[in-house]
Structure formats: C-alpha cells, structure tokens
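S.K.: Fold the following and give me the result.
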Amino acid sequence: MPELPEVETVRRGLAPSMEGAVLAALELRRNDLRFPFPAEFSRLASGRGITSLSRRAKYLLIDLDDGMTIIAHLGMSGSFRVEAGAAAETPGEFHHPRSKDEKHDHVIFHLTGANGPARVIYNDPRRFGFMDIARRADLASHPSFRDLGPEPTGNTLSADYLAERFLGKAQPLKSALLDQKNIAGLGNIYVCEALWRSHLSPVRAAGTLVTKAGKPSEELRQLVEAIREVIADAIAAGGSSLRDHIQTDGSLGYFQHSFSVYDREAQPCGTPGCGGTVARIVQAGRSSFYCASCQN
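M.R.: Below you'll find the model as predicted:
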C-alpha cells in the first residue's frame with residue numbers, strides 16, 4: 001500500500017493539472033471501489049472548480065469551490081495518470097509493469113483549464129481504493145479522520161506528545177508507531193527506517209522511552225527526529241516505487257534503493273562500525289526489518 005510519501009508525491013504530481021481547473025464532469029465507470037460511491041457523487045462534483053489539492057495521512061484531498069472535498073485513498077494498487085493533448089500518453093520510463101488496461105479505469109476527472117482539456121484517470125485493478133465526498137468544514141469528524149493522530153511532518157508531533165501516548169505502555173514500539181491514533185500516515189516501511197536511524201528495536205516496549213516522571217527520554221527525542229528525517233527524505237526522493245506505485249507522470253520513485261533495513265534481510269547493517277546483519281521478524285502479521293546488534 002502506498003505510504004505517506006507516495007501519496008504526497010501523487011499530490012504534487014497532480015496539482016499542476018488539477019488546481020485551478022474546472023471539473024467539467026466526473027465519470028464513474030462502476031458503482032463502487034472498495035466501498036460504493038456516495039449517492040450523487042458525480043452530480044455533486046461535476047461543474048465545480050478545483051481550488052487546491054492537499055493530503056491528510058494517506059488520503060488525497062481535492063477541494064472544490066463550493067466547500068466540498070473529494071477524499072481519495074489509493075488502496076493497494078490505485079494510481080492516477082494525466083492525459084492531455086492529442087497524444088493522450090502517460091510519459092515516463094516504466095521499470096515495472098503497470099496497469100493501463102482501460103477496464104481498470106474506474107474514475108475519470110474531465111478537466112478544463114488554461115492549458116486546455118485534460119483527463120485525470122484513476123486506475124485500480126484490485127479496487128481496494130475508495131473515494132468519498134464531504135464538506136471541508138466537517139472533515140475533522142469524518143470517519144476516516146476523526147481518530148487520526150498528528151502528521152509526522154507537522155509541528156504537533158513532538159517527543160512530549162509521544163511521551164504522553166507511550167506512558168506505561170508495554171505495546172511493542174513498532175506497533176505503537178503504526179497506530180494511526182498516535183501518528184497519522186506513518187506506515188511499515190518508514191517505521192522500520194526510523195527505528196534503524198534511532199537505533200531502537202521494534203520489539204522494545206514503547207513505555208521504556210518515557211521517564212518515571214512522564215517525560216520523553218533522549219532516545220524518544222531522537223526517534224521523533226528520525227521520523228521527520230526519513231519522511232522528508234522519502235518525499236524529496238519522490239516516494240518509493242515498491243509494488244506497483246508510480247508517480248503521476250508515469251515515472252518511478254527511487255527511494256527504495258536507499259532503504260537501510262527495509263527488505264534487506266541477511267544483508268550487512270549500514271551503521272558505521274556495527275558489523276551486524278539485518279534480520280526480519282513478523283509483528284502483528286507484518287514484516288519488521290532491523291539490526292539486532294545496534295538496535296536495542
């Protein structure tokens with residue numbers, strides 16, 4: 001599933017074509033994806049101007065000029081592509097197969113703007129993604145967002161905040177970081193990377209990073225900084241291209257080549273002077289990659 005940096009990459013790729021354009025028509029080629037489309041979805045969105053694109057956790061938000069917002073989640077295999085001009089091509093060099101089969105083109109945004117007509121097409125072979133529409137003013141209470149914690153890139157995420165969340169918790173650190181109520185949008189790949197950067201074991205109890213006085217330890221402060229850094233690095237690199245994620249122009253991100261522990265089982269640890277080997281364990285059905293020699 002695309003993680004936060006991948007969704008941010010999609011947002012940045014779509015923005016030039018969508019922001020400021022008019023959504024002349026929203027074409028739905030089926031009645032549902034993971035969930036049924038909202039009643040009158042096409043009518044509510046068609047004819048509206050698109051004022052901005054933003055992101056909350058792993059959700060793409062498309063703001064319309066009447067105060068409504070289209071909520072889009074890519075699921076396991078969803079992607080957007082932009083088609084403009086007579087050629088109607090998706091540019092970019094493909095290093096992995098990617099569905100362009102029209103039978104998987106489930107939603108089409110027909111746009112008109114300063115650069116002429118364009119189509120933004122949502123393709124999803126597995127149909128694990130979904131779309132919804134709601135008032136922007138009501139998003140905080142929307143079922144997808146009401147229980148989410150702070151963004152890993154925002155000022156709200158701090159060592160003091162996590163100390164309050166982790167106090168007295170025996171829950172493994174990896175699980176605590178993946179809990180969207182603690183941090184919104186942080187996924188498996190980048191949790192593994194952040195834990196490696198901060199030299200913390202994924203099986204360590206989250207509460208051990210909090211002092212008896214309820215204050216964050218220095219290790220917790222380093223973890224927060226590592227989370228910020230790994231997400232920033234991933235966004236700067238254009239997002240990873242694991243599985244079948246591609247950028248909106250068809251090109252692949254390359255951040256996966258600089259992963260330090262994720263999917264590097266049995267390879268040498270990259271920590272200078274460590275000499276350990278990356279191991280893989282399974283926690284709550286998900287793979288954790290870490291170095292037992294330098295992460296404790």
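S.K.: only C-alpha atoms for contact and neighbour calcs from this point on.
M.R.: Noted.
S.K.: Just the C-alpha atoms of the helix-or-strand element of the chain with minimal mean pLDDT, please, in CSV.
M.R.: Taking mean pLDDT, DSSP states H and E as the measure, strand 79-84 is the helix or strand of the chain with the lowest mean score, a mean of 87. Provided in CSV are the C-alpha atoms of strand 79-84 (Å, rounded to 0.1, in the frame of the first residue of the first chain):
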residue,chain,number,x,y,z
SER,A,79,-2.9,5.2,-9.3
PHE,A,80,-3.7,8.4,-11.2
ARG,A,81,-2.4,9.3,-14.6
VAL,A,82,-2.9,12.5,-16.5
GLU,A,83,-3.8,12.6,-20.2
ALA,A,84,-3.7,15.9,-22.0
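S.K.: Paired strands for that strand, with orientation please.
M.R.: strand 118-123 (antiparallel) (DSSP bridges).
S.K.: so how far is the partner strand off the chain centroid?
M.R.: 20 Å (CA atoms, centre = their mean, to the nearest Å).
S.K.: quick one: average confidence on it?
M.R.: Mean per-residue pLDDT for strand 118-123: 93.
S.K.: Which residues outside that strand are in contact with it?
M.R.: 17, 78-85, 99-100, 102, 104-112 (CA atoms under 8 Å, 6 or more residues apart in numbering).
S.K.: how does it look with 10 Å?
M.R.: Residues from elsewhere that reach strand 118-123, judged by CA atoms under 10 Å, 6 or more residues apart in numbering: 14, 17-18, 21, 23, 25-28, 72, 74, 77-86, 88, 98-112, 129, 248.
S.K.: Just the CA atoms of it, as PDB, please.
M.R.: The C-alpha coordinates for strand 118-123 follow below in PDB (Å, rounded to 0.1, in the frame of the first residue of the first chain):
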ATOM      1  CA  ALA A 118      -7.300  17.100 -19.800                       C
ATOM      2  CA  ARG A 119      -8.300  13.900 -18.100                       C
ATOM      3  CA  VAL A 120      -7.100  12.600 -14.800                       C
ATOM      4  CA  ILE A 121      -7.800   8.900 -14.700                       C
ATOM      5  CA  TYR A 122      -7.900   6.700 -11.600                       C
ATOM      6  CA  ASN A 123      -6.900   3.100 -12.300                       C
END
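S.K.: could you dump the helix or strand that it is followed by to PDB, C-alpha only?
M.R.: Proceeding N to C from strand 118-123, the next assigned helix or strand is strand 130-135, under DSSP states H and E. What follows is strand 130-135, C-alpha atoms only, in PDB (Å, rounded to 0.1, in the frame of the first residue of the first chain):
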ATOM      1  CA  PHE A 130     -12.100   4.300  -2.400                       C
ATOM      2  CA  MET A 131     -13.500   7.800  -2.900                       C
ATOM      3  CA  ASP A 132     -15.900   9.900  -0.900                       C
ATOM      4  CA  ILE A 133     -17.100  13.500  -0.800                       C
ATOM      5  CA  ALA A 134     -17.800  15.600   2.300                       C
ATOM      6  CA  ARG A 135     -17.800  19.300   3.400                       C
END
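S.K.: quick one: average confidence on whichever helix or strand comes after the least confident helix or strand of the chain?
M.R.: Using DSSP H and E, the helix or strand that directly follows strand 79-84 along the chain is strand 105-112. For strand 105-112, the mean per-residue pLDDT is 96.
S.K.: Output the contacting helices and strands for strand 105-112.
M.R.: helix 4-18, strand 22-28, helix 41-45, strand 48-56, strand 79-84, strand 118-123 (3 or more CA pairs under 10 Å, 6 or more residues apart in numbering; DSSP states H and E).
S.K.: can you rerun that using 8 Å?
M.R.: Applying 3 or more CA pairs under 8 Å, 6 or more residues apart in numbering; DSSP states H and E, we find strand 105-112 packed against strand 22-28, strand 118-123.
S.K.: okay, those strands, which one's buried deepest?
M.R.: Scoring the helices and strands packed on strand 105-112 by mean neighbour count under mean count of other CA atoms under 10 Å gives strand 118-123 as the most buried, with a mean of 21.
S.K.: coming back round to it: could you give the angle of the least confident helix or strand of the chain to strand 105-112?
M.R.: Here strand 79-84 points in a direction 40 degrees away from that of strand 105-112 (axes from the mean of the first three to the mean of the last three CA atoms, to 10 degrees).
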